[in-house]
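> output the structure for:
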Amino acid sequence: MHELTPGDAQDLLERYKRVWEGRDPDAAMELYASDAEHRDHPFREPFRGDEAIRAMWNDIAANEAHVEFDAERTWVIGRTVLASWHAAYTDRVNGERVRIRGFATFELDEQGRITRLREWPIPKVVGIDGTFVPGRTDPR
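Down below sits the predicted model:
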């Protein structure tokens, strides 16, 4: 098994950024191995397998708008990418603007697909998004 490079880590985080900001569950599923695990919070049960992970991304696409994501720093250890990141989104239910700082580990298989992703997010509501229009069909 070959070790990942810092460039591999940057490529992964760029793909993850496009998926989340684009709210694209189909593209998200291309990032994961079929038996992957995604734990979006340390105190919640992980999403395991294609169905559960797709349901998680479908929920993100349905409930978040105006998404921004950026990796701040990345590290590589073997086949694992470690990343500190920040993100923001508008909650489509109530228009609240949420900012998040977090840390994540991405364990990848030989094909570069995620086998296990663990996140430690710290979200904070920072106000109401004045540009958000409730009921709009595609508020990207």
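> average pLDDT for stretch 15-34, rounded please.
Averaging pLDDT along stretch 15-34 yields 98.
> buried residues in the lengthiest helix in the chain?
The residue-count maximum for a helix in the chain (DSSP state H) belongs to helix 6-22. Using 16 or more other CB atoms under 10 Å as the test for burial, helix 6-22 gives D8, A9, L12, L13, Y16, K17, V19, W20, E21. Every C-beta, even on glycine, is put in place using the N, C-alpha and C of the backbone.
> and those, which is closest to A62?
Distance to A62, by CB to CB, is smallest for W20 among the buried residues of helix 6-22, at 13.6 Å.
> all helices of the protein, in order?
In the chain, the helices defined using DSSP H lie at 6-22, 25-29, 49-63.
> let me know which of those is the nearest to P42.
helix 49-63 (15.6 Å).
> using PDB, write out every CA atom in the closest one.
The C-alpha trace of helix 49-63 is given here as PDB (Å, rounded to 0.1, in the frame of the first residue of the first chain):
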ATOM      1  CA  GLY A  49     -22.600   2.000   4.200                       C
ATOM      2  CA  ASP A  50     -23.900   3.500   1.000                       C
ATOM      3  CA  GLU A  51     -27.600   3.900   2.100                       C
ATOM      4  CA  ALA A  52     -26.800   5.700   5.400                       C
ATOM      5  CA  ILE A  53     -24.200   8.000   4.000                       C
ATOM      6  CA  ARG A  54     -26.400   8.900   1.000                       C
ATOM      7  CA  ALA A  55     -29.200   9.700   3.400                       C
ATOM      8  CA  MET A  56     -26.800  12.000   5.400                       C
ATOM      9  CA  TRP A  57     -25.800  13.800   2.200                       C
ATOM     10  CA  ASN A  58     -29.500  14.000   1.100                       C
ATOM     11  CA  ASP A  59     -30.300  15.700   4.400                       C
ATOM     12  CA  ILE A  60     -27.400  18.200   3.900                       C
ATOM     13  CA  ALA A  61     -28.600  19.000   0.400                       C
ATOM     14  CA  ALA A  62     -32.200  19.500   1.600                       C
ATOM     15  CA  ASN A  63     -31.400  21.500   4.800                       C
END
